[in-house]
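>>> next comes the sequence, and after it the predicted model I'd like to discuss.
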Amino acid sequence: MKVSVALCTYNGERYIEEQITSILNQSIKPDEIVICDDNSTDRTIQLAKGILVNSTIEFTIEVNNTNKGVIKNFQKAIELTKGDIIFLSDQDDIWNTKKIELIKSEFEKDKTCMLTFTDAYLVNSKREKLGVNLWDTLEFSDQMLKNSNLLDILLNRCIVTGATMAIKRELFNNVKPFQDSWIHDGWLAINAPLYGTVKAIKIPLIEYRQHDNNVIGATKVNYFERVKKYFENISILDNVRNTRYNRYKTFYDFNSEKLDNEMKSDISKCIAFWDNMRKMSNVHFLKGLVIIVTNTFRGNYKRYYTGLRGAIRDVVYLFTRKVVK
């Protein structure tokens with residue numbers, strides 16, 4: 001199986017050389033590297049080309065005339081690849097030298113595998129480890145995937161990070177175009193179980209850099225920072241609810257002919273939960289409280305959100321939002 005790397009860049013001159021070098025130093029080399037640059041204004045492309053022209057790896061560099069954003073840029077990068085297995089890559093991480101070897105072996109062992117993802121070390125801009133791994137921040141372990149249906153996990157939260165991901169081309173062909181309501185990795189992940197198996201490798205196979213310029217990142221904070229963030233997030237709850245509702249509704253509509261009756265029932269319940277949550281911005285306090293209590297006792301907060309924490313935060317939201325007249 002041929003291996004492609006879809007690498008998206010945007011003003012990444014500070015880190016791009018380290019990332020490309022880590023890809024070129026793989027124990028099993030990729031067959032090609034495709035870089036899709038989102039109209040950078042720095043030296044990202046010059047630096048990338050300077051490294052790649054001296055390698056033996058086939059490469060393509062495509063520069064967008066205008067900024068497409070991370071989702072459409074990744075779609076374009078993947079479309080430009082030719083491999084059977086496609087590794088997604090950010091511009092600022094560092095790959096373990098065995099990343100391609102170990103992930104490729106999962107696809108070779110299981111021909112039905114559509115997507116494989118791994119854990120990651122969280123590091124700062126200087127590559128100093130932050131003392132916690134990516135899966136810790138997501139409260140995920142590979143054992144969960146063995147004990148639970150992946151779709152059930154993904155209806156609660158996305159535990160698949162694009163920078164650690166590789167997909168089979170068949171999956172991409174079936175789920176394109178990426179939907180605007182979804183981040184590209186979440187869209188690929190939630191669709192993957194409909195077409196085959198998903199594998200999780202608990203070994204951290206990248207250094208996932210956390211810094212101010214991250215488009216999407218992950219950090220683990222101390223107790224007091226967590227409490228502060230917990231209450232700060234109340235102000236964005238309306239947006240969260242609308243986003244989650246739109247995502248699952250889009251997923252349902254996109255796959256209406258692919259879903260079996262059990263899946264349709266599960267996803268419909270998830271959509272109904274988030275539709276209920278959206279109503280809290282326009283209902284009186286007591287009715288909002290009824291919505292929270294009902295969904296708590298039905299187990300919906302635990303299944304589709306953050307459990308009791310989410311329910312308590314929604315109660316606080318009812319107290320702090322503008323009163324409906």
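Done, it's in. Note that this is a predicted model, so its numbers are computed, not measured. Residues are numbered from 1 along each chain as shown.

>>> can we go C-alpha only for contacts and neighbour counts from here?
Noted.

>>> where does this structure have low pLDDT?
212-233, 322-325 (pLDDT under 70).

>>> against which helices or strands is the lengthiest strand in the chain packed?
The strand spanning the most residues in the chain, taking DSSP state E as the definition, is strand 197-209. Packing partners of strand 197-209 (3 or more C-alpha pairs under 8 Å, 6 or more residues apart in numbering; DSSP states H and E): strand 94-95, helix 99-109, strand 113-123, helix 142-147.

>>> those: which one's closest to Phe178?
strand 113-123 (15.9 Å; C-alpha to C-alpha).

>>> extract the C-alpha set from the closest one and format it as CSV.
C-alpha atoms of strand 113-123 as CSV (Å, rounded to 0.1, in the frame of the first residue of the first chain):
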residue,chain,number,x,y,z
CYS,A,113,-9.4,-0.7,8.9
MET,A,114,-10.4,2.8,7.7
LEU,A,115,-8.7,5.0,10.2
THR,A,116,-5.9,4.7,12.8
PHE,A,117,-5.0,7.2,15.4
THR,A,118,-2.5,7.4,18.2
ASP,A,119,-1.7,9.1,21.5
ALA,A,120,0.7,12.1,21.5
TYR,A,121,3.2,13.8,23.9
LEU,A,122,2.1,17.4,24.6
VAL,A,123,5.1,19.7,24.3
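
>>> now do it and helix 99-109, the angle between them.
160 degrees (axes from the mean of the first three to the mean of the last three C-alpha atoms, to 10 degrees).

>>> give the next helix or strand downstream of strand 113-123.
strand 129-133 (DSSP states H and E).

>>> only the C-alpha atoms, please, for the next helix or strand after that next one, written as PDB.
Counting by DSSP H and E, the next helix or strand C-terminal to strand 129-133 is helix 134-138. Only the C-alpha atoms of helix 134-138 are listed here, as PDB (Å, rounded to 0.1, in the frame of the first residue of the first chain):
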ATOM      1  CA  LEU A 134      -3.000  14.000  24.600                       C
ATOM      2  CA  TRP A 135      -5.200  11.100  25.600                       C
ATOM      3  CA  ASP A 136      -5.100  12.200  29.200                       C
ATOM      4  CA  THR A 137      -6.600  15.500  28.300                       C
ATOM      5  CA  LEU A 138      -9.300  13.800  26.300                       C
END
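
>>> how distant is helix 134-138 from the center of its chain?
12 Å (C-alpha atoms, centre = their mean, to the nearest Å).

>>> return the list of helices and strands in contact with that helix.
So helix 134-138, by 3+ C-alpha pairs under 8 Å, 6+ apart, packs with strand 113-123.
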